[in-house]
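Asks: Okay, here's the prediction I keep looking at, along with the sequence it came from:
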Amino acid sequence: MTSESPTHVHVWCYAHVLNLVLGDTTGSVIESGSLFSLLNDIAVFIKDSYQRVILWDNQAQDKSHRRLSPIGETRWGSKHEAVQKSV
């Protein structure tokens, strides 16, 4: 980039930096890594079957948390959402 535009100013995306920090932090603690891996596996398992999705939707007490979604590595809020939706 510098060769194309020597006067450019690089600006870090701090949301991306925060996501990297949170990912490294949760990955370095075995218990939290296991928790998020389990939550992701549960979301994928339920999402793979229409019947399981309907069963989960009917059993969910908080209707705003009905839809489980896999944990996205690029979305820093997805780990928080996974915990909130599974409780």
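Replies: Thanks, I have it. All values reported here derive from a predicted model rather than from experimental measurement. Numbering: from 1, shown residues only.

Asks: remind me which residues of the chain are low pLDDT?
Replies: Across the chain, the ranges flagged by pLDDT under 70 are 1, 64-66, 76.

Asks: quick one: the helices in it?
Replies: With helices called from DSSP state H, the chain shows them at 14-28, 30-47, 50-59, 78-86.

Asks: Format those helices as CSV; extra columns: distance to residue 8 and mean neighbour count.
Replies: For glycine as for every other residue, the C-beta is placed from the backbone atoms N, C-alpha and C. Converted to CSV, those look like this (distance: least, CB to CB, whole Å; neighbours: other CB atoms under 10 Å):
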stretch, distance to residue 8, mean neighbour count
helix 14-28, 18, 12
helix 30-47, 37, 14
helix 50-59, 47, 12
helix 78-86, 32, 17
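
Asks: can you tell which of the ones you listed is closest to residue 7?
Replies: Ranking these by proximity to residue 7 (CB to CB) places helix 14-28 first, at 22.8 Å.

Asks: Fine by me, we can end here.
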